[in-house]
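Colleague: coords please:
(one chain, ligands or ions: 2)
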Amino acid sequence: MKNTYGSALALTIFGESHGAAIGAVLDGLAAGIPVDEEFIAAQMEKRRAKKGGLSTSRIEADQVRFLSGVYNGRTTGTAITMVIENTNTRSGDYAKTLGLCRPGHADYTAHVKYGGFEDFRGGGHFSGRITAALCAAGALCQSMLRAKGIRVATHAARIAGVEDEAFALEPEALNAQLEALDACTGLPVLSEAAGEAMQQAIRAAASEGDSVGGVLETAVTGLPAGAGEPFFDSVESQLAHLLFSIPAVKGVEFGAGFAMAGLRGSQANDPMTVKDGRVITTTNNNGGINGGITNGMPLVVRTAVKPTPSIYKPQQTVDMSTLQPAELQIQGRHDPCIAHRAAIVQTAAVAFGLADLLTQRWGPLWQAEEEAPWNTD
Ligand SMILES: Cc1cc2nc3c(=O)[nH]c(=O)nc-3n(C[C@H](O)[C@H](O)[C@H](O)COP(=O)(O)O)c2cc1C
Ligand SMILES: C=C(O[C@@H]1CC(C(=O)O)=C[C@@H](OP(=O)(O)O)[C@H]1O)C(=O)O
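Modeller: Ligands and ions are numbered 1, 2, ... in the order given. So this is what the prediction gives:
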C-alpha cells in the first residue's frame, strides 16, 4: 500500500488500466501558479499511443480533467486532482488467457501479493497506462520549473542498439537540444537518421512478434547549486526512487554512471573553474551532483528500459489455476517498444522530483514568485 511519494510535495497515483479512469493528486503546490493546460496537453500527446506500428493499438484521448485545486487558470493552493478516463479497453483479451501469467510482467507477483483480488485486466494498477497520470502531474511541475529557467527534457539515447546523437556538454548547445526535444512530436531523438533507424528496428521486432528496449537520457539545465538533502534524500536517491517507479525501468545511472568504475580519479574528477563569477566544471562526469546536492552543472540521468514483456511469440509460463507449466499465446494490444513512449514519463518524474527538492530547500513560495530565490540570494 504505497501510492504516494514526496516530502514537501505529495504525489498520489491511482487507477487501473481497465477501470473507469486513472489519475493523480498533487498536493503542496503554492497558490497562484499558472496552469498551462495547453502545455500539459502537449506533454500528454508525446506519451499517447498513435497509429503507425510503433505503439499499442489501444488509442486513447488521454485528456486531463482537473477536478480540484485549479481556478481561473491558476492553482488555488489546495490538492490538485487530475483524472484521465479509460475509454478503449478490451478486457476480453485478458479473459482468454486468465490464470496464465505473462513472463516479465507483474501478473504473478500481483497475484501473490493481492491473493487473486487484483484487477488483472490490462495489467491493472501495474499497467504502463498509469504513467499517463504521472505525465499530467509532471507536466504541471515542468511548466512551473520552466518559468524559473529550469529546462528538463529526455531523448531516446538508444533503442534496439541504435544510438542517438549525444547530449552536448556546453550548456548553451545543450539548452538548444532540450528545446528541440520539447518541440519534437515524433520519436524523441536529436538525430533524424537515428530516429528513422530506431523506427525500422521497432517495426522489424514487431513483425516477428517480438519487442525491443532502450536507454533514456534526461538532462536538466538552469538548476541552482545547493538543492538536495544529505544521505537518504540525496538528489540521486530521490530521482532513482521515482525513475524506478516507472514500469519497465531496470537501471538508473547519473553522469558517467557505471563507466566511472573503469576510470581513474584523474579522468573521473570534473576540473573546477570560474565563469562569469560562477563556479563551473569543465567536464560533467558527475552529472551535476556532488554529495547528493546539485552543483549547478546540467543534471544528467539515464535509465535502462527493458523490452516490452507482452510479446506475441509463444512463451513458457505457469497456469495459476492448475499450478502446471503451460504455453502462453498473448492476444491483446501491446507496445513493441516502451522506451520512446516512456521518455516523457521520465521527464515528468524528474520534474516532480526536482520540484519537491527545490521546495524542501527554498520553501513553497518560490513556486509562484516571479523571481526565483536562488537568483537573488
Ligand atoms: C509507457 C509504458 C507502456 C507500456 N506498455 C506495455 C505494453 O504494451 N505491454 C506490456 O506488457 N508492458 C508494457 N509496459 C511495461 C509493463 O507495465 C511492465 O513491464 C510491468 O508492469 C512489470 O513491471 P517491471 O517491468 O518494472 O518489472 C509499459 C510501460 C510503460 C512505462
Ligand atoms: C493503454 C496503454 O498501454 C497499455 C500498457 C500495457 C501494460 O501492460 O503496461 C498493456 C496494454 O494494455 P491493454 O491490453 O489494455 O491494451 C497497453 O495498451 C497506455 O499506455 O495508455
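Colleague: Ala10 bridge partners, please.
Modeller: Under DSSP bridges, the beta-bridge partners of Ala10 are Asp27.
Colleague: neighbours around it, how many?
Modeller: 14 (other CB atoms under 10 Å). In short, each C-beta sits where N, CA and C put it, glycine included.
Colleague: ok, now Met320?
Modeller: Per other CB under 10 Å, the neighbour tally for Met320 reads 17.
Colleague: thought His111 was touching it, still the case?
Modeller: Yes. Using CB atoms under 8 Å, Met320 is in contact with His111, at 6.0 Å.
Colleague: just after the helix or strand of the chain with the lowest mean pLDDT, pick out the following helix or strand.
Modeller: The least trusted helix or strand in the chain, going by mean pLDDT, DSSP states H and E, turns out to be helix 92-95, with a mean of 94. For helix 92-95, the succeeding helix or strand toward the C-terminus, using DSSP states H and E, is helix 107-114.
Colleague: show me what counts as buried in that following helix.
Modeller: Asp107, Ala110, His111 (16 or more other CB atoms under 10 Å).
Colleague: wait, doesn't the first one sit right on Asp119?
Modeller: No. Shown here, Asp107 and Asp119 do not form a contact pair, counting by CB under 8 Å, at 11.5 Å.
Colleague: point out where the stretch 101-250 of the chain drops to low pLDDT.
Modeller: Filtered on pLDDT under 70, the stretch 101-250 of the chain yields no residues whatsoever.
Colleague: please enumerate the strands of it.
Modeller: Assigned by DSSP state E, counting those that start in this stretch, the strands in the stretch 101-250 of the chain fall at 151-159, 162-163, 214-221, 249-254.
Colleague: out of the ones you listed, deepest packed?
Modeller: Comparing those by mean neighbour count (mean count of other CB atoms under 10 Å), strand 151-159 comes out on top with a mean of 26.
Colleague: that one pairs with which strands, and in what direction?
Modeller: Here, using DSSP bridges, strand 151-159 pairs with strand 162-163 (antiparallel), strand 214-221 (antiparallel).
Colleague: which residues sit in contact with the residue of the stretch 101-250 of the chain found nearest ligand 1?
Modeller: Per CB to the nearest ligand atom, Gly128 is where the stretch 101-250 of the chain lies closest to ligand 1, at 2.5 Å. Gly128 is in contact with Pro247, Ala248, Asp335, Ile338, Arg341, Ala342, counting by CB atoms under 8 Å, 6 or more residues apart in numbering.
Colleague: kindly report the same for Met260.
Modeller: Residues in contact with Met260, defined by CB under 8 Å, 6+ apart, are Ala268, Asn285.
Colleague: for it, what are phi and psi?
Modeller: phi -60, psi -30 (degrees, to the nearest 10).
Colleague: mind checking pLDDT for it?
Modeller: At Met260, the model reports a pLDDT of 98.
Colleague: that one and ligand 1, how far apart?
Modeller: Met260 is 25 Å from ligand 1, where distance means CB to the nearest ligand atom, to the nearest Å.
Colleague: the stretch 51-200 of the chain against ligand 1: which residues are in contact?
Modeller: Thr56, His105, Ala106, Gly123, Phe126, Ser127, Gly128, Thr131 (CB under 6 Å from any ligand atom).
Colleague: farthest pair within those residues?
Modeller: Spatial extent of those (CB to CB) is set by the pair Thr56 and Ala106 at 16.7 Å.
Colleague: quick check, nearest of the residues of the stretch 51-200 of the chain next to ligand 1 to Leu67?
Modeller: Looking across these and measuring by CB to CB, the closest to Leu67 is Thr131, at 19.6 Å.
Colleague: done for today, thanks.
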